[in-house]
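**Q** this one's structure only:
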């Protein structure tokens, strides 16, 4: 029987939520690592039993956990993340030099085909990989040592590599997004990288169209059309049809073009979801109403999806890793909020119900269909 598993990382632990293909009645297991901040938890597309979780604390630093039974039991794996070679400096908020300093893993991206190959995006921004299921990690230094690296500066939440996309048709091509450096692409498996920011405009920069310095919040693609990318940045929803070589704005009639997550429907490459919030200083949804917005035409024309979501006195946010889609038909959409609500729409956004309403602050939501 087909099952859906939703992995939820929160401020106070991780939860594993499961349901059948109707996505109506949910079983919730957890909290795992209760009381600890789980930045990201994600399963392997290549092996439904393999799950990775990132725990970061001021007391114990970064801890990586792995499950080989779908999240029922966990093993702590290697937690050595060391920058390669001479680390040098990047710029601090005020533009002064600042040493590279590893703080935490923000995002895991397992391989589409190999359960033992997993990438990790970290703060301060760097890309690590493991080829043995997290038993050992090493940096792919070509990104951090890019010629522009010494000019990267942190965003308000730190200088984090929070998004990793692997081209399903070509594992040598990968995309990353860094707050607040921008987006980069490799075509040779991470040996070399180049910025992909042409067309981005950020008015807070001294040069608004500069090659680096843009605060990209999230990017996504459809597996069958990996050259088309959608981006939610610090103001503006953007689209690229040439693998990031150029971008154009598709914010259209959104009530606000500021937000954090963006996701593409599993079967409809032109159907895109965002969650606008009021502004970069007011991190909550406009008008006290939680609304997911959907475009069926690849941007510019957006509709509010509200049925079943709180529409009164709601002042929450949906963070960059807290929205996902599943690949069932009809496709499901999932969001988690900073107020602890986790919601599912089993019909592409038309109707929503709560999986849970009182979790701790939700940091990540990942959905996976199990055979």
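**A** Received it, and whenever you're ready, just let me know what you need. Owing to the predicted nature of the structure, the values given are computational and were not obtained by experimental measurement.
**Q** okay but residue 119 is in contact with residue 127, surely?
**A** Yes: counting by CB atoms under 8 Å, residue 119 does reach residue 127; the two are 6.4 Å apart. (Glycine included, C-beta is placed from N, CA and C.)
**Q** mutual contacts of those two, please.
**A** residue 164 (CB atoms under 8 Å, 6 or more residues apart in numbering).
**Q** hey, where'd the helices end up in the stretch 201-350 of the chain?
**A** Using DSSP state H, counting those that start in this stretch, the stretch 201-350 of the chain contains no helices.
**Q** buried residues in stretch 162-181?
**A** 162-168, 173-181 (16 or more other CB atoms under 10 Å).
**Q** equivalent analysis for stretch 97-109, please.
**A** With burial defined by 16+ other CB under 10 Å, the residues of stretch 97-109 counted as buried are 98, 100, 102, 103, 104, 105, 106, 107, 108, 109.
**Q** now do that stretch: everything it contacts.
**A** 39-42, 52, 54, 56, 62, 64, 81-83, 87-92, 118-124, 126, 128, 144, 150, 158, 160-166, 321.
**Q** now do the end-to-end distance for it.
**A** 30 Å (CA to CA, to the nearest Å).
**Q** how far is it from where the chain is centred?
**A** Relative to the centre of its chain, stretch 97-109 is centred 15 Å away, using CA atoms, centre = their mean, to the nearest Å.
**Q** what do you get for stretch 201-221?
**A** Offset of stretch 201-221 from its chain centre (CA atoms, centre = their mean): 17 Å.
**Q** endpoints of it, how far apart?
**A** 21 Å.
**Q** what does stretch 229-248 give?
**A** Start-to-end, stretch 229-248 (CA to CA) is 11 Å.
**Q** ok, stretch 81-100 next?
**A** In stretch 81-100, first residue to last residue: 12 Å (CA to CA).
**Q** can you offset everything so residue one is 55?
**A** With the count now opening at 55, the last piece we talked about shows up as stretch 135-154.
**Q** quick one, what contacts the residue lying closest to residue 81 once chain neighbours are set aside?
**A** Excluding the flanking residues, the one nearest residue 81 by CB to CB, 6 or more residues apart in numbering is residue 72, at 5.1 Å. Residues in contact with residue 72 (CB under 8 Å, 6+ apart) are 57, 58, 59, 60, 80, 81, 83.
**Q** farthest-apart pair in these, please.
**A** Spanning the widest gap among the contacts of residue 72 are 58 and 83, at 13.9 Å by CB to CB.
**Q** of the two, which one has the most company?
**A** The neighbour comparison of residue 58 against residue 83 (other CB atoms under 10 Å) goes to residue 58, with 23 against 13.
**Q** beta-bridge partners for that one, please?
**A** residue 73, residue 423 (DSSP bridges).
**Q** quick one, what contacts the most centrally placed residue in the chain?
**A** By CA atoms, centre = their mean, the chain has its centre lying nearest to residue 375, at 3.5 Å. Residues near residue 375 by CB under 8 Å, 6+ apart: 63, 94, 160, 161, 216, 272, 315, 417, 418, 419, 420.
**Q** let's see that with 7 Å instead.
**A** Residues near residue 375 by CB atoms under 7 Å, 6 or more residues apart in numbering: 94, 161, 417, 418.
**Q** which element is the second one on?
**A** Under the criterion DSSP states H and E, the helix or strand holding residue 161 is strand 158-164.
**Q** tell me, how many residues neighbour the nearest residue to residue 55 once chain neighbours are set aside?
**A** Distances taken as CB to CB, 6+ apart place residue 74 nearest to residue 55, at 6.3 Å, with adjacent residues excluded. Residue crowding around residue 74 was assessed by other CB under 10 Å; the count is 12.
**Q** my read: residue 74 touches residue 57, true?
**A** Yes: with contact defined as CB atoms under 7 Å, residue 74 and residue 57 form a contacting pair (6.0 Å).
**Q** do you know how far residue 379 is from residue 276?
**A** Distance, residue 379 to residue 276, using CB to CB, to the nearest Å: 10 Å.
**Q** other residues contacting stretch 311-319?
**A** Outside stretch 311-319, the residues that reach it (CB under 7 Å, 6+ apart) are 271-272, 274-276, 284-286, 289-291, 305, 325-331, 333-334, 372-374, 376-379, 385, 402.
**Q** show me the shaky parts of the stretch 305-425 of the chain.
**A** Residue ranges of the stretch 305-425 of the chain with pLDDT under 70: none are present.
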